[in-house]
Structure formats: structure tokens, C-alpha cells
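Chemist: model the structure of this input:
(2 chains)
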Amino acid sequence: MLKRIGLGTMFVFTLFMYSCYPGGAEFIDETDLVYTTYDVDFDFASERTFHLVDEVVSIDTSETIPGATQAYIIDEVRKQFIKLGYTEIVLDSTDDNHSLDDVNIVVLMSAIVTSISGVSYYPSYGGWYGGWYGGWYGGGGYYGGYPGYGYMPVYYNYDVGSLYIDAIDSQEIADGDDFPPFVWTGALNGVLSSSGAGQEARVRGLIEQAFTQSSDYL
Amino acid sequence: MKKLIFSTALFLSSLGMMAQEGLFAITYNMGLPVGSTADYISNYSWRGFGIDGRSFVTDNITLGGSFSWNVFYQEELNTTYTEGNQSLTGNFYKYINAYPINFTAHYYFNDYDAPARFHVGLGIGATKINQSTEFSVLALSHDYWHFNMTPDVGVLFPINYRSNFFLSARYNYAFEAKDKDFGYLSFNVGFAWY
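Modeler: I've put the predicted structure just below:
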């Protein structure tokens, strides 16, 4: 009898332990990543000038980046370079006073949205697969299902946005290199919200982080 | 996972046989990572349980088996990792699930009717280690079986002629497999029945 009580206790205890399995990301902004890398041989310090190409190019040519989105991305990148002490040099066909020789780095921006979808199967124990899988999939209570009731399919579909900020040595372009190497890259990545709410502040924050973690050399 | 369930089921059925003339214990297990495991996750684990089955081969020696589970978790929010000319910032969610399955031998310093029955033991077997680092929508995983060795000390405090309050401390060491070894101390509190 005592052994039965023991096994029962163990079973209930196992369920309890499984139900309080620790967290992970719950909100989409907790999926954000900022990656940066640079060319260790490039001299960023001697001439702190940049030219910003005034467009965020869509890597997926069938899509275009909305103008308002491009505007705040360009604005934030410009702001961050100036904050680091860079001077912007505007190069266009109407300006005969400046050339690539006046610029140390040329900055390009590009973006892509990737859709990810699929299905995962989870034991039908109840609601602890909440958060960004959409909430409660169990049978109504915390222990909505019990072992042996099989697995619940959880369908997911989300968009991941990636923004790339690349700096090129202007002399490589002046020398006619068709594929000049990047001397600095910032890659920002995160799950996009379906409503787009708060997205501008979030993207601006990620751009700032890319410059913050590069400030030792950029 | 199927292998793990099968091994556990086999193990549990052997416990049932052993418990006929021996000792059966259930414990709540806490864990303290040590060594390279502590470098990865330093947080104390409050999640775990264990079961022990032991059969007396003499008055003071048991042979048996044990199974336990400990989960270690640590989150590193807005953390930057830098290596060479590359940096990565994000939220990192780290997990280790450890499932040691051991054959055990124990020596008891005191008799059955002593107010406290101290013992030492050694477990040898295998540990399933599932280590995972989740970030963004990605995860890096290490999911392998390791050869395992588990020295332990414990004490039984009799409640009545069959039941005991049971305390033990174990060092669980999973030897290197796929370039990783794991170690943690587990502190276990529970009940044991003759």
C-alpha cells in the first residue's frame, strides 16, 4: 500500500515538475538579435566621413519596403553615424563639390521578410505552452489533458524581418571593384508583429544597439 | 525519446522486483552545477526528482538502481557575446535536462533500528543530457548519452518500522561525449520505504 502511495506521489510530482518547466521567449521582441562584424584591417578612425545611400533595398525583388519604414530606418542610421562623430557627405549628380574621394565609407541598407510556418506536436497537458505559441491549447484547465491523450498539433506562422546595414570602403568603389567587400555589417533580426505596433521604436532600438556594440572601432 | 522511455520503463519494472526485499525511495532533487556546467548555467536548480530501488545483499550492503531528472535553466537577457571581430546581442535561454540512470551499490554504517542510518554509495550508468540554447527563433542543441558516475552519501531517519525520512547528496558526473562533459551536485529530500 505504501509503495502505491509512493508511486502515486511520484506521478503527481512528475506532472507538477513538468508543468513548471522554465520559460523561454514569450513576446516577439524577445526574439530580436543584433549581429555585427567588421574588417579588422580597415581604418575607420582617420577619416570619419560617410555617404548614406538614401534607400532601403528589398532583397526580395517582388516586395518593396514601405516609404515610411525606409524613412525611419535611414533617419536612425544617419543619427547613429553622426552620434559617433561622423560627417555625412551627400553625393548626387547636382553636387560637383564632392566626390567619392571625400568619403571614407559608403553605407547601404537592405531588408527582407521571411515567412516561417509549420506544425509542432505537444503533449496535451494544458496551458504551459503559452506565450508566442498563442495561448492555451489544453482541454480547459491547467491540467486540461492527461498523459495518454496524445499530442496536440500547434500550427504556427510568423514573419521574421531582417535588416542589413553594410559599410563599404569608398576607395574600392572608386577603383572600380564591382563587388567591394563590406568593412562593417550590422544585421538585425526579429519576429515581426502582425499589427506592426511598436515596430518603429523596436527597429530604432536595434539599430542603436548595432552601433553601440561597434563603438569601440567604428 | 523512445529509447529513454523504454529504458525508464525497464528500469522501473526492475525496481519493483528489487523493492520486495529492499528499499524504495522517492526524492525531490535540487541541483548545483559545477565545473564546465556552471560556466554554462550557474543557477541553482529547484526542479528535479529521483527514485531509488535497493536490494539488501547483506545486512549492510545494497545493490540496486536509480533514476533522476534535474532541469537547469538560465536566461541571459539583452546579452552581447563577442568573439574576434563578431558580436551578437539578444536574449539567450539556456537549458540542461539531465536524466541519470545508474546501477548502484551502498554500504550502511548503522543497523536497521538505528535512529539515523548513514550510508555511502556509488552509481555507475548512463546519463541522457539534453542541453539547449535558444535565441531568436533558433536553438543550438546537444542531445547525447554520456557514461556516468555518481558517488553519494545519505542518511535514513526512521519514521516507523517501514518508512524513513531520507536525505542524500550526490555528485553526478557525465563523462565527455561530443566534446562536452557535465557535472552537478544534487541535494535530495524524500521518503524511503523498506
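Chemist: can you classify A:Q80 by secondary structure?
Modeler: helix (DSSP: H, G, I helix; E, B strand; the rest coil).
Chemist: stretch B:171-184 near chain A at all?
Modeler: No: applying Cβ under 8 Å from any Cβ of the partner chain, one finds stretch B:171-184 out of contact with chain A, separated by at least 15.8 Å. (C-beta placed from N, C-alpha, C; glycine too.)
Chemist: which residue is the nearest non-sequential neighbour of A:T114?
Modeler: For A:T114, ignoring the flanking residues on the chain, the nearest one in space by Cβ to Cβ, 6 or more residues apart in numbering or on different chains is A:V160 at 4.9 Å.
Chemist: how many residues are close by that neighbour?
Modeler: 18 (other Cβ atoms under 10 Å in any protein chain shown).
Chemist: helices or strands next to the host helix or strand of it in the packing?
Modeler: Using DSSP states H and E, A:V160 maps to strand A:151-169. Counting contacts by 3 or more Cβ pairs under 8 Å, 6 or more residues apart in numbering or on different chains; DSSP states H and E, strand A:151-169 packs against strand A:105-123, strand A:182-191, helix A:199-212.
Chemist: deepest of the ones you listed, which one?
Modeler: Compared across those, strand A:182-191 shows the largest average neighbour count, a mean of 21 (mean count of other Cβ atoms under 10 Å in any protein chain shown).
Chemist: next, A:F42: phi, psi?
Modeler: Dihedral angles of A:F42 (phi, psi; degrees, to the nearest 10) stand at phi -80, psi 140.
Chemist: for residue 117, list each beta-bridge partner.
Modeler: Picked chain A for this. A:S117 has these beta-bridge partners by DSSP bridges: A:N157.
Chemist: let me rephrase: I mean chain B.
Modeler: Counting by DSSP bridges, B:R117 forms beta bridges with B:L156.
Chemist: re earlier: the helices and strands packed on strand A:151-169: lowest mean pLDDT?
Modeler: Ranked by mean pLDDT, these bottom out at strand A:105-123, with a mean of 81.
Chemist: picking that back up, buried stuff in the next helix or strand after the strand holding A:V160?
Modeler: The first helix or strand that comes after strand A:151-169 along the chain, using DSSP H and E, is helix A:170-174. Under the neighbour-count criterion of 16 or more other Cβ atoms under 10 Å in any protein chain shown, helix A:170-174 has A:S170, A:E172 buried.
Chemist: helices or strands next to helix A:170-174 in the packing?
Modeler: Packed against helix A:170-174 by the contact rule (3+ Cβ pairs under 8 Å, 6+ apart) you find strand A:105-123.
Chemist: what's near enough to touch the residue nearest to A:T114?
Modeler: For A:V160, the contacting residues are A:V113, A:T114, A:S115, A:I116, A:N189, A:G190, A:V191, A:L192, B:S136, B:V137, by Cβ atoms under 8 Å, 6 or more residues apart in numbering or on different chains.
Chemist: kindly report the same for B:Y107.
Modeler: B:Y107 neighbours (Cβ under 8 Å, 6+ apart): B:N60, B:I61, B:H119, B:V120, B:G121.
Chemist: okay, B:R162 and chain A: tell me how far apart.
Modeler: 6 Å (Cβ to the nearest Cβ, to the nearest Å).
Chemist: how many neighbouring residues does whichever residue of chain B sits closest to chain A have?
Modeler: As assessed by Cβ to the nearest Cβ, chain A sits closest to B:Y73 within chain B, at 3.7 Å. When neighbours are counted by other Cβ under 10 Å, B:Y73 registers 18.
Chemist: can you tell me how far the residue nearest in space to the middle of chain B is from B:D181?
Modeler: Nearest to the geometric centre of chain B sits B:S68, at 4.5 Å (Cα atoms, centre = their mean). Distance, B:S68 to B:D181, using Cβ to Cβ, to the nearest Å: 18 Å.
Chemist: for A:T64, same thing?
Modeler: 52 Å.
Chemist: same drill for those two, tell me which one is more crowded.
Modeler: B:D181 (16 against 12).
Chemist: the more buried one reaches B:H146, doesn't it?
Modeler: Yes: between B:D181 and B:H146 there is a contact under Cβ atoms under 8 Å: 7.3 Å.
Chemist: mutual contacts of those two, please.
Modeler: In contact with both B:D181 and B:H146: B:A174, B:F175, using Cβ under 8 Å, 6+ apart.
Chemist: buried ones in the strand or helix carrying B:N188?
Modeler: In the assignment (DSSP H and E), B:N188 maps to strand B:180-193. Of the residues in strand B:180-193, B:K180, B:D181, B:F182, B:G183, B:Y184, B:S186, B:F187, B:N188, B:G190, B:F191, B:A192, B:W193 count as buried by neighbour count, 16+ other Cβ under 10 Å.
Chemist: could you dump those residues into CSV with pLDDT added?
Modeler: Output for the buried residues of strand B:180-193, formatted as CSV (pLDDT from 0 to 100):
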residue, pLDDT
B:K180, 92
B:D181, 94
B:F182, 96
B:G183, 96
B:Y184, 97
B:S186, 97
B:F187, 97
B:N188, 97
B:G190, 96
B:F191, 96
B:A192, 96
B:W193, 94
